[in-house]
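In: heads up, no residue letters with this:
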């Protein structure tokens, strides 16, 4: 079973790339650090619900969409 | 706008009660502390994605279902 961290990682990366946003750009909109976004996209961070909400807002999707396996 | 923490809190509580599970019971299945479950259900915890996954597994729902506003 794919862990939820990996599902989240893959979704954030795919949607960010669809929007032609760099990791720096996404980090800037979220007010998070670029290395934190990079870690998230590699499934290395146990991201919090507040940060899931910030990232979803920045990517203009509903938070739950980031947890659905594609 | 309802914060994601509050949406998660309300969903966990509603599904737990539907399943006639106590906070202690849910905590036991999740291997988390009862006071942590209590805090989550009051929207007081910035819960991590790993714990969202544990709680969803214990409640027998998909993690994303816990982030959808009812």
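Out: The structure has been received and is ready for your questions. Here the structure is a predicted model, which means the values were calculated and not measured. Numbering: from 1, shown residues only, chains lettered A, B, ... in the order given.

In: So which residues on chain A come close to chain B?
Out: By the rule C-beta under 8 Å from any C-beta of the partner chain, the part of chain A lying against chain B is A:3-5, A:8, A:46-50, A:52-53, A:56, A:62-65, A:67-68. C-beta coordinates here come from the backbone N, C-alpha and C atoms, glycine included.

In: Helices of chain A, start to end?
Out: With DSSP state H as the criterion, chain A has helices at A:4-18, A:23-30, A:34-41, A:49-59.

In: List the buried residues of the first one.
Out: If I follow you right, that is helix A:4-18. Judged by neighbour count using 16 or more other C-beta atoms under 10 Å in any protein chain shown, the buried positions of helix A:4-18 are A:4, A:5, A:7, A:8, A:9, A:10, A:11, A:12, A:13, A:15, A:16.

In: how about the last one, what does it touch?
Out: For residue A:16, the contacting residues are A:23, A:26, A:41, A:59, taking C-beta atoms under 8 Å, 6 or more residues apart in numbering or on different chains as the criterion.

In: again, only using 10 Å
Out: With contact taken as C-beta atoms under 10 Å, 6 or more residues apart in numbering or on different chains, residue A:16 is in contact with A:22, A:23, A:25, A:26, A:37, A:41, A:55, A:58, A:59.
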